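**Q** here is a sequence together with a model predicted from it:
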Amino acid sequence: MSAQLIESSPVEPLVVGVHLYPGDTWFREVHVRSVTTQAPVDLSAWVFEARLGEHVGVVDASRAAEGRLAMTFSPEQTADVAWGDEVTLSGTLAGGRRTFLHGSVGAAVGSSIPVGPAQKTRVVSSGVDISVYAAPRGDKGEDGSAVSVALVQRAEAAEGRAVSAAGVASAAAGDAMGAASAAAGSASSAGAAAGVAAGNASTALSAAQGIVAARDAAAVSAGKANADADRAGTSAFNAGQSATAAQSSEDDARGFAVEAKGSRDAAEQARDLALAGQFLGTALTSATDLNAITTPGVYRCPSGAFATSANNYPAAGVAGVLTVTQWGGVGQVVQRYTPYPSTGTPNIIVGEWIRAYRGSAFSAWRFMASQRIDQTAGRAIYTLDDVNGREQLIYGDTGSRNVTALLSAEWTGSAYLRRVGQTVSVNVNAGSSAAVPANTTILTLPSGFRPDGTINKIIAGGNVQHGVVTDGNGITRADTALTALRWYFSFTTSDPWPTSLPGTAAGSIPT
């Protein structure tokens with residue numbers, strides 16, 4: 001990421017050294033903030049102009065209200081820059097003019113040389129109420145994270161060029177040695193011809209003229225051979241010099257590659273440390289007021305003693321993690337507070353509190369509860385009641401249960417129970433060969449299906465209208481002697497949801 005440095009005040013223009021590359025796009029971003037409050041300065045009413053020499057660049061003022069400006073010059077505009085050309089970013093407001101950035105071209109080279117933090121010059125602030133933040137970028141619009149890769153690529157390219165130069169020099173030396181060998185052969189042939197001419201002179205005086213001419217020609221050939229040998233020696237020497245220079249370039253390239261790898265490793269290590277710190281979160285203290293935290297990030301409350309209503313926590317004594325997310329402009333945030341897992345039952349994340357800041361104050365905390373589904377006995381769904389610190393049953397259904405086995409021995413037929421939420425329904429269709437005396441126990445309801453107290457029901461079915469009495473222990477009787485039962489009645493219960501179900505399932509629980 002590009003570092004942001006406080007470099008100057010707009011009254012005393014930001015002076016920068018401009019490193020750009022002819023034919024590349026050049027980009028510069030400027031941030032303007034208040035020295036006293038560090039808040040961005042609203043520049044939306046200003047009119048801006050960016051110049052590079054005689055060229056007028058493009059100014060992106062889409063975020064001027066946040067104090068952010070960016071200027072860009074195209075490859076066509078940077079193609080003819082020269083050393084010393086001036087760069088300015090200025091603005092006008094109500095007839096007044098202010099220069100936000102002023103500099104000159106300090107280097108104009110044909111290849112990309114990334115500019116790191118060590119090349120940036122810090123200019124002392126004049127102490128007025130506005131400061132300029134500049135965010136330089138790398139070449140061709142790349143940010144600083146690409147510097148190490150670019151150095152490695154250039155080092156590898158330099159190594160390739162050096163090896164190629166050494167090969168060319170070696171080939172030239174071979175050609176020179178071949179020329180020297182050919183010249184030596186020519187000299188040897190000339191010597192042999194001179195010997196033959198001398199022999200013929202002793203036997204034929206008339207051939208003397210020819211021998212002298214042959215000798216002279218041999219001398220000329222020998223001179224040329226010597227000259228060729230001298231040139232071959234010079235070529236061999238130059239080839240040796242080129243090979244030495246190529247080896248030096250190769251060594252330099254390898255050195256650059258080692259330095260680039262070191263820089264890349266350091267950058268990756270710094271990145272890993274930054275990411276680790278980001279997810280660890282900032283530790284809060286007993287003096288931290290959550291209303292004062294509007295900077296996006298992760299914060300952790302390690303002790304329930306820090307969580308007090310005075311510090312605007314959603315629940316007193318509850319340690320947890322605060323996550324702040326920006327949803328709009330500066331300071332417009334959403335806070336989420338997730339409690340640490342409880343040590344009670346169940347030991348789970350039971351939900352989180354959420355609130356938002358908009359305008360001048362936070363909204364009230366709202367609890368977003370989790371749900372628990374239990375299918376141990378039918379299907380029951382619970383949500384957390386954060387006010388009373390307990391789970392609340394919001395839905396439950398045991399399904400219809402065949403509990404004929406719970407009828408007393410005098411009765412033959414069927415009996416069914418079902419609980420939906422807090423309502424229990426009873427359905428009995430049975431008969432007896434002899435009248436069962438009044439107030440005799442007919443059916444005993446199990447735990448989880450019992451009324452809060454004694455209930456009385458009037459039943460018209462059966463062999464005679466009669467009353468049914470069920471007490472808090474689930475014992476159900478009729479107030480009349482009966483030989484037939486046609487019961488269907490229901491009542492509410494405050495029994496906890498059953499941990500097991502009586503009888504056998506009669507059908508399935510609806511979805």
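**A** That came through, no problem.
**Q** going forward, measure contacts and count neighbours with C-alpha atoms only.
**A** Fine.
**Q** may I have stretch 96-106 as PDB, with CA atoms only?
**A** Only the C-alpha atoms of stretch 96-106 are listed here, as PDB (Å, rounded to 0.1, in the frame of the first residue of the first chain):
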ATOM      1  CA  GLY A  96      -8.700  33.500  -5.100                       C
ATOM      2  CA  ARG A  97      -6.100  31.000  -6.300                       C
ATOM      3  CA  ARG A  98      -4.100  28.500  -4.200                       C
ATOM      4  CA  THR A  99      -1.400  26.100  -5.300                       C
ATOM      5  CA  PHE A 100      -1.700  22.600  -3.600                       C
ATOM      6  CA  LEU A 101       1.400  21.000  -5.300                       C
ATOM      7  CA  HIS A 102       4.400  22.400  -7.100                       C
ATOM      8  CA  GLY A 103       7.500  20.600  -8.300                       C
ATOM      9  CA  SER A 104       9.800  20.000 -11.200                       C
ATOM     10  CA  VAL A 105      10.900  17.000 -13.200                       C
ATOM     11  CA  GLY A 106      14.000  15.600 -11.400                       C
END
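**Q** show me which positions of that stretch end up buried.
**A** Arg98, Thr99, Phe100, Leu101, His102, Gly103, Ser104, Val105 (16 or more other C-alpha atoms under 10 Å).
**Q** same check on stretch 452-469?
**A** Lys457, Ile459, Gly462, His466, Gly467, Val468, Val469.
**Q** still on that earlier bit, can you lay out the buried residues of stretch 96-106 as CSV showing distance to Glu250, secondary structure and pLDDT?
**A** Formatted as CSV, the buried residues of stretch 96-106 follow (distance: C-alpha to C-alpha, whole Å; DSSP: H, G, I helix; E, B strand; the rest coil; pLDDT from 0 to 100):
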residue, distance to Glu250, secondary structure, pLDDT
Arg98, 50, strand, 86
Thr99, 47, strand, 87
Phe100, 45, strand, 83
Leu101, 41, strand, 86
His102, 40, strand, 87
Gly103, 37, strand, 86
Ser104, 35, strand, 86
Val105, 31, strand, 83
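**Q** how about stretch 491-501 as CSV, C-alpha atoms only?
**A** Below are the C-alpha coordinates for stretch 491-501, written out as CSV (Å, rounded to 0.1, in the frame of the first residue of the first chain):
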residue,chain,number,x,y,z
PHE,A,491,-56.1,-27.3,28.1
THR,A,492,-52.9,-25.2,28.6
THR,A,493,-49.8,-26.3,30.5
SER,A,494,-46.8,-24.6,32.0
ASP,A,495,-44.9,-27.9,32.2
PRO,A,496,-41.4,-27.7,30.7
TRP,A,497,-41.1,-29.3,27.4
PRO,A,498,-40.9,-33.1,27.9
THR,A,499,-37.5,-34.7,27.7
SER,A,500,-39.0,-37.9,26.3
LEU,A,501,-42.3,-38.8,24.7
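**Q** domains for this structure, by residue range?
**A** Taking automatic domain parsing as the reference, the chain has its domains at 5-142, 148-277, 290-369, 401-505.
**Q** least reliable of these going by mean pLDDT?
**A** Mean pLDDT across the domains of the chain is lowest at domain 148-277; the value there is a mean of 61.
**Q** quick one on the thing from earlier: what is the nearest of the buried residues of stretch 96-106 to Gly413?
**A** Closest to Gly413 out of the buried residues of stretch 96-106 is Phe100 (96.1 Å), distances taken as C-alpha to C-alpha.
**Q** once you drop chain neighbours, what's closest to Thr285?
**A** Phe306 (6.4 Å; C-alpha to C-alpha, 6 or more residues apart in numbering).
**Q** quick one: contacts for the one you found?
**A** Counting by C-alpha atoms under 8 Å, 6 or more residues apart in numbering, Phe306 touches Thr285, Ser286, Ala287, Thr288, Gly317, Ala319.
**Q** on that earlier part again, the buried residues of stretch 452-469: which two are farthest apart?
**A** Gly462 and Val469 (15.7 Å).
**Q** count of residues packed around Thr244?
**A** Thr244 has 14 neighbouring residues, counting by other C-alpha atoms under 10 Å.
**Q** about what we covered before: next, format the buried residues of stretch 96-106 as JSON lines and append distance to Asp386.
**A** JSON lines is the format used below for the buried residues of stretch 96-106 (distance: C-alpha to C-alpha, whole Å):
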{"residue": "Arg98", "distance to Asp386": "58"}
{"residue": "Thr99", "distance to Asp386": "58"}
{"residue": "Phe100", "distance to Asp386": "55"}
{"residue": "Leu101", "distance to Asp386": "56"}
{"residue": "His102", "distance to Asp386": "60"}
{"residue": "Gly103", "distance to Asp386": "61"}
{"residue": "Ser104", "distance to Asp386": "64"}
{"residue": "Val105", "distance to Asp386": "65"}
